[in-house]
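# below is the sequence, then the predicted model.
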Amino acid sequence: MLEISHKESHKMKMSQNGENPITCVALFLFNTEGKLFVMERLYNTGLLDDTKTIHCIPGGKIDWLETAHKAVVRETREEIGIDISCENVEFTGQYTNDRWPHINTHCVTLYFKCNLTREIEPILKESDKHKNGKWISVDEVPELFCACHKLLPMI
């Protein structure tokens, strides 16, 4: 399999906006107490109105020639400063198929799960996208971006 660095991948053209769906990953990250990490999503990312708070989990686009597992590891490090390994990340078998015609975007998101084996405190690294990260009990999970909270009982 051809390997390519994250830096090199940005030089290649990505297919999107009306041609093919964007493929994304997202991570249900659980601490040693079984609590889920969520953040408030800010609205300057273009997909939501600003009438309500929406929470999200770490995730983002898969880069050109990047595997889904490597993308979720990279996105977790970029967004919340936690280094996880591909061996600790499990594909849940769940996905969402979201369409936002008003911005000409179609996104398929693959969902992964990781249970931390030691206490690590996430640090929000992208203040233009997220704020107020916190660990919450699974039965207290609010509405999440892309309605992925509905997937929790299946993982």
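Ah, there it is. Because the structure is a prediction, the values reported are computed rather than measured. Numbering: from 1, shown residues only.
# ranking helices and strands of this protein by mean pLDDT, which lands last?
helix 6-9 (a mean of 43; mean pLDDT, DSSP states H and E).
# which SSE is immediately downstream of that one?
strand 22-30 (DSSP states H and E).
# quick check: next helix or strand after that following strand?
Assigned by DSSP H and E, the successor of strand 22-30 is strand 36-41.
# hmm, who's touching that following strand?
Strand 36-41 has contacts (Cβ atoms under 8 Å, 6 or more residues apart in numbering) with 28-31, 48, 53-58, 79-80, 122, 124, 129-138, 141-142, 144-145, 152. C-beta here means a position set from N, CA and C on the backbone, and glycine is covered the same way.
# what angle separates it from strand 22-30?
Angle of strand 36-41 versus strand 22-30, following axes from the mean of the first three to the mean of the last three Cα atoms, to 10 degrees, is 130 degrees.
# immediately after strand 36-41, which helix or strand?
strand 54-56.
# so which elements touch that following strand?
strand 36-41 (3 or more Cβ pairs under 8 Å, 6 or more residues apart in numbering; DSSP states H and E).
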